[in-house]
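[1] pasting the sequence and the predicted model now:
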Amino acid sequence: MRNVLPVLTVVAVIFVAWYIGAVALNATWAQDNAARAGVELSFTELVADTLSQDKPKLPAPHQVAVEIWETTVEKNITSRRSLVYHSWITMSATLLGFVLGTGLGIALAVGIVYNRTMDMSVMPWVIASQTIPILAIAPMIIVVLNAIGITGLFPKAVISMYLSFFPVVVGMVKGLRSPDRMQLDQMKTWHANGIQEFWKLRFPSSMPYLFTSLKVGMAASLVGAIVGELPTGAVAGLGARLLAGSYYGQTVQIWSALIMAAVLAACLVGIIGLAQRLVLKRMGMA
Amino acid sequence: MTTSPVISAKDLSLTFHTDDGPIHALQDITLDIEKGDFVSFIGPSGCGKTTFLRVMADLEQPTGGEITVNGVSPEEARKARAYGYVFQAAGLYPWRTIGGNIRLPLEIMGFDRAAQDERVKRVLELVELDGFEKKYPWQLSGGMQQRASIARALAFDADILLMDEPFGALDEIVRDHLNEQLLKLWKRTEKTIAFVTHSIPEAVYLSTRIVVMSPRPGRISEVIESPLPKERPLDIRDTPEFLDVAHRVREGLRAGHAYDE
Ligand SMILES: Nc1ncnc2c1ncn2[C@@H]1O[C@H](COP(=O)(O)OP(=O)(O)O)[C@@H](O)[C@H]1O
Ligand SMILES: [Mg+2]
């Protein structure tokens, strides 16, 4: 209960700022219109107009809320105009990319921890991979994969993977190296082999690091999926909604898609957080 | 046939090469530990006690001299699982129960499930922790955790027990109790025990032989044979014999140290 009040305060501040912003940004358009029509707007009329424009520069929260309501609850979820449908499209690419990225990340981390050559050589490449702007590389991935006949979900998932493996490698290298010297010596006194050492000591020890990485990786994966929908002119997905919205100046649609993406990210990351709490508590590590 | 020593070190030396120059952790150590001995190593911090124990365990490589464990090199002995090693920290895995922790080396060594169960039960009785198999480490006190770690070192029936200040982090009352238990356990199991400590009463109470070491370079300055009987109630510590041995250990420590001040 104690932390509800600060959260509510922050939310209230955001809403107030948002409304003020909407009035300020949309006022010019409202006044231009009024001038053209030769009428004078009172302050209340001005505010009312700025909060109910069709294509506002910044839509007001309630406009976005109405749009989200209409495109989720009031639409059949198989409809192309349903935001749930678009969210599902993006989420499936996100999840596939997340699974692939996590797998790749763990595999690389194991290689780095167990193989000296990989330890010396892989990390710089991993870091370099993340310094290339994803917006530059995403179209290339899509085009190359399309050229060999792979389209749809998978190319987007590859971009998600590209973004999400990074936090997993970094976190897992740290996690797999987290057992201290005594624990490793202990394994040696039992003449444990590498596989036993991995499964009985290193992997369980890395769990707190893994979950933290997974949360970051999931968020990155969602960004990847959305970015992956932009250059293809995809017809479905939250990215496609953003793109279509910006073509036609449908700011309300853009903001709805953005909010939906944020909600989706919060849910996915929240699920991992829940799993983290359960697993670490069960393992006596929380 | 005469029995050969379980651990035999001859002119053993170990020098660590660090950025600040060489550290002579061990120099010209010659010592035989016989079967069934309870040998304590005592000396000021940094005199090489841990290093010596780690050399026996093949966790550290000597730079000079020779050492055998059960007649073979420490590496072969380690691979034959000749010893159980108890570290200062219990080092139990929080995600495993006490039983699961004791099972850990048994799983690694490939004991079948039935043998694991039987051994876990047996060693838990040995350290008087029966009934705690299903508990998690955090549910146990520090002393109980350390007993569990001893049980784990005993589980695979190694003849040698190497213990590096296993009770160093515990308070004196718990330590007394564990010392008493350890002696009982040693008598019942007839293990050969090498035990590092920096407590004089602990060393005297437990040991058949006390090896006094001195630092820089790490050497053995004296080996004291204990005249105390194998049967040792806690109040033996008030007898003149006990106090005499303790006095000799103290003198040995002072002598080994004299040039230090
Ligand atoms: N891995 C190591 N590298 C460098 N120096 C070490 C290492 N291990 C121990 N030493 C040094 O060797 C000496 C003996 O250490 P140690 O055997 O731990 O002493 P003790 O257990 O008697 O306190 C100390 O001076 C210590 O700093
Ligand atoms: Mg030490």
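    Everything's here; your move. Fair warning: this is a prediction, and the values are worked out from it, not measured in the lab. Ligands and ions are numbered 1, 2, ... in the order given.

[2] alpha carbons only for contacts and neighbour counts from here, please
    Will do.

[3] ok and the residue in chain B nearest chain A?
    Closest contact between chain B and chain A, by C-alpha to the nearest C-alpha, is at residue B:95 (4.0 Å).

[4] what residues are up against that residue?
    Applying C-alpha atoms under 8 Å, 6 or more residues apart in numbering or on different chains, one finds that residue B:95 lies in contact with A:282-285, B:136.

[5] any of those residues buried? List them.
    Buried members of those, scored by 16 or more other C-alpha atoms under 10 Å in any protein chain shown, are A:283, B:136.

[6] list just the nearest of the contacts of residue B:95 to ligand 1.
    Distance ranking of the contacts of residue B:95 against ligand 1, using C-alpha to the nearest ligand atom, places residue A:285 first at 28.8 Å.

[7] need the three-state assignment for the closest residue to the closest one other than its chain neighbours.
    In this structure, residue A:285 finds its nearest non-sequential neighbour in residue B:94, 6.7 Å apart by C-alpha to C-alpha, 6 or more residues apart in numbering or on different chains. Under DSSP: H, G, I helix; E, B strand; the rest coil, residue B:94 falls in the coil class.

[8] need the contact partners of the helix or strand hosting residue B:205.
    With elements taken from DSSP states H and E, the one containing residue B:205 is helix B:200-206. Outside of helix B:200-206, the residues within contact range by C-alpha under 8 Å, 6+ apart are B:38, B:40-42, B:179, B:183, B:197, B:210, B:226, B:232, B:236-237, B:242, B:245-246, B:249-250.

[9] give the contact list for the closest residue in space to residue B:75 that isn't next to it in sequence.
    In this structure, residue B:75 finds its nearest non-sequential neighbour in residue B:58, 5.4 Å apart by C-alpha to C-alpha, 6+ apart. By C-alpha under 8 Å, 6+ apart, the contact list for residue B:58 reads B:74-75, B:78.

[10] low-confidence ranges in the stretch 151-286 of chain A?
    Residues of the stretch 151-286 of chain A that meet the criterion pLDDT under 70 lie in A:232-234.

[11] gap between residue A:105 and residue A:270?
    Separation of residue A:105 from residue A:270 (C-alpha to C-alpha, to the nearest Å): 21 Å.

[12] between the two, who's got more neighbours?
    Neighbour totals were compared for residue A:105 and residue A:270, and residue A:105 leads with 27 against 13 (other C-alpha atoms under 10 Å in any protein chain shown).

[13] buried set for the host helix or strand of the more buried one?
    Taking DSSP H and E as the definition, one finds residue A:105 inside helix A:83-114. Using 16+ other C-alpha under 10 Å as the test for burial, helix A:83-114 gives A:83-106, A:108-114.

[14] can you tell me the centre-most residue of chain B?
    The residue lying closest to the centre of chain B (C-alpha atoms, centre = their mean) is residue B:163, at 2.3 Å.

[15] who does the host helix or strand of that one pair up with?
    Assigned by DSSP H and E, residue B:163 belongs to strand B:160-164. Strand B:160-164 has its sheet partners listed here by DSSP bridges as strand B:83-86 (parallel), strand B:192-197 (parallel).

[16] which helices and strands does the helix or strand following the shortest one pack with?
    Toward the C-terminal end, the helix or strand that comes next after strand B:83-86 (DSSP H and E) is helix B:98-108. Counting contacts by 3 or more C-alpha pairs under 8 Å, 6 or more residues apart in numbering or on different chains; DSSP states H and E, helix B:98-108 is packed against helix B:113-126, helix B:142-154.

[17] now helix B:98-108 against helix B:113-126, angle please.
    Angle of helix B:98-108 versus helix B:113-126, following axes from the mean of the first three to the mean of the last three C-alpha atoms, to 10 degrees, is 130 degrees.
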